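In: pasting the structure only:
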């Protein structure tokens, strides 16, 4: 595969050369550097300076126009892999909306990955455009718990309404139950209710993964959820395995969680996939983990 080395803001997606990634070949675009959701489990904070202070990319629109002229026809562009495209400045700046229009006019396939219900604002573009899909992350239905782990992201109740509205308008929506964190959002009852609710409002796929620890995020989780501290230390610091720069919980436990979510998702007629877990055989055949399958289907 020939790499396009002169791109400025659109990049070829390479998840740190992780052998566990099952994404299709795609490009990624982050209109903003940093994110205002302040999710305490976020991995991007580890390598992006001043991550909690989102700011627009310098020269974004000019550089997007330049980059899309270099991309192969029908390329897949994902927004965004590290900084939510609907992070708080987007309400006023509307840069993501402007970029969506450019991508649509150029005819590329589009995947939007977000925790924000603001994506509904741009449903007119996605509905008219066609070559698009949306992946919305919902880690728990409990708005109080979500406020602790995703302090400034829109509450899950609003994200559910976004899934419903986008689905109603014919825009395919997948839901990321991601990450599953032991002792925090991992109970079978909670996972079952979450998956049932997203199925009821029209989601077509569940993608899930377990929490991958880094020193900074693990310390934040332990501080915010002291009742889970001993369990987290045991599973990650004592029994965990290091893979691709992260600490994974034991393989057997990860598989148990993933099988549970798969069983529930399929019982509601949804496709299922895992993310960076190393259990490719669990994924629904023909389905990409990131949710982009449906952008290809609508092309």
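Out: That came through fine. Computed from a predicted structure; not experimentally measured. Numbers count the residues shown, from 1 in each chain.

In: In the protein, mark out all the strands, start to finish.
Out: 10-12, 27-29, 32-33, 55-56, 76-79, 109-114, 132-137, 173-180, 205-210, 241-243, 246-248, 271-274 (DSSP state E).

In: How far off centre is the third one?
Out: If I follow you right, that is strand 32-33. Remark: strand 32-33 is offset 16 Å from the chain centroid, using C-alpha atoms, centre = their mean, to the nearest Å.

In: Equivalent analysis for the longest one, please.
Out: Mean-position distance between strand 173-180 and its chain equals 7 Å (C-alpha atoms, centre = their mean).

In: Residues contacting it, please?
Out: Here strand 173-180 makes contact (C-beta atoms under 8 Å, 6 or more residues apart in numbering) with 41, 113, 133-139, 163, 166-167, 186, 191, 194-195, 198, 202-212, 257, 261, 271, 275, 291, 294. Glycine gets a C-beta too; all of them are placed from N, C-alpha and C.

In: From residue 220, how far out is residue 55?
Out: Distance from residue 55 to residue 220, counting by C-beta to C-beta, to the nearest Å: 22 Å.

In: and if you look at residue 210?
Out: 17 Å.

In: who wins for proximity to residue 156 among the strands of the chain?
Out: Each of the strands of the chain was scored for nearness to residue 156 using C-beta to C-beta, and the closest is strand 132-137 (9.5 Å).

In: just to revisit the earlier point, residue 55 and residue 220: which has the busier surroundings?
Out: More neighbours surround residue 220 than the other of residue 55 and residue 220, with 18 against 14 (other C-beta atoms under 10 Å).

In: give the contact list for the more buried one.
Out: 40-41.

In: In terms of pLDDT, where does it sit?
Out: pLDDT for residue 220: 96.

In: got it, and residue 45?
Out: Residue 45 carries a pLDDT score of 87 in this model.

In: which stretches of this structure form helices?
Out: Secondary structure of the chain (DSSP state H): helices at 60-68, 90-93, 95-106, 123-129, 143-149, 156-168, 188-200, 215-224, 229-232, 251-267, 293-298.

In: okay if I get the ones you listed as CSV plus distance to residue 174?
Out: As requested, the helices of the chain are exported to CSV (distance: least, C-beta to C-beta, whole Å):
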stretch, distance to residue 174
helix 60-68, 24
helix 90-93, 21
helix 95-106, 18
helix 123-129, 14
helix 143-149, 19
helix 156-168, 9
helix 188-200, 9
helix 215-224, 24
helix 229-232, 28
helix 251-267, 11
helix 293-298, 7
